[in-house]
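A.B. asks: turn this into a structure:
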Amino acid sequence: MPTIVHFDVPAEDIKRASRFYSELFGWKIEPMPGPMEYYGIGTQDLEGKPSVGGGMGKRQEGDSGMVNYFGVDSIDSYVKKLERLGGKVLMPRNEIPGYGFLAVCLDTEGNKFGLWQN
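C.D. replies: Residues are numbered from 1 along each chain as shown. The predicted structure is shown next:
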């Protein structure tokens, strides 16, 4: 069953946002390799075990807030379901080299979310 596997935090000021979330939740935020300024976020559950990871990057035009990504076995098959149910694709399936694939979608209520395929 698909569940949240990743979240993205858009930030105007990455240093300020990193400090905020590190101090508030104890998140470990570190630069990721690659051509764009992007930081990985490590989290822990309430028992101190590693939990859902995230990322933080510069806010882009149209970013409206955090985006949760749901892990699926096939983005293409979920896009078909999504469209049949009245959802929309905002960004089609896109490869993140060395990691997997993502797509960004809109539900019937106007909420943005992502699909992630390893």
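A.B. asks: domain-wise, how is this structure divided?
C.D. replies: If you go by automatic domain parsing, the domain ranges for the chain are 1-61, 72-118.
A.B. asks: any chance of the ones you listed in JSON lines, with mean pLDDT too?
C.D. replies: Formatted as JSON lines, the domains of the chain follow (pLDDT from 0 to 100):
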{"stretch": "domain 1-61", "mean pLDDT": "95"}
{"stretch": "domain 72-118", "mean pLDDT": "96"}
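A.B. asks: okay if I get these as CSV plus mean neighbour count?
C.D. replies: From N, CA and C alone the C-beta is placed, and that goes for glycine too. Shown next, in CSV, are those (neighbours: other Cβ atoms under 10 Å):
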stretch, mean neighbour count
domain 1-61, 13
domain 72-118, 14
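A.B. asks: please go through the chain and pick out the longest helix.
C.D. replies: The residue-count maximum for a helix in the chain (DSSP state H) belongs to helix 14-25.
A.B. asks: and the helix or strand that it is followed by, what does it pack against?
C.D. replies: Moving toward the C-terminus from helix 14-25, the next helix or strand (DSSP states H and E) is strand 28-31. In terms of contacts (3 or more Cβ pairs under 8 Å, 6 or more residues apart in numbering; DSSP states H and E), strand 28-31 is packed against helix 14-25, strand 38-42.
A.B. asks: please consider this matter closed, and thank you.
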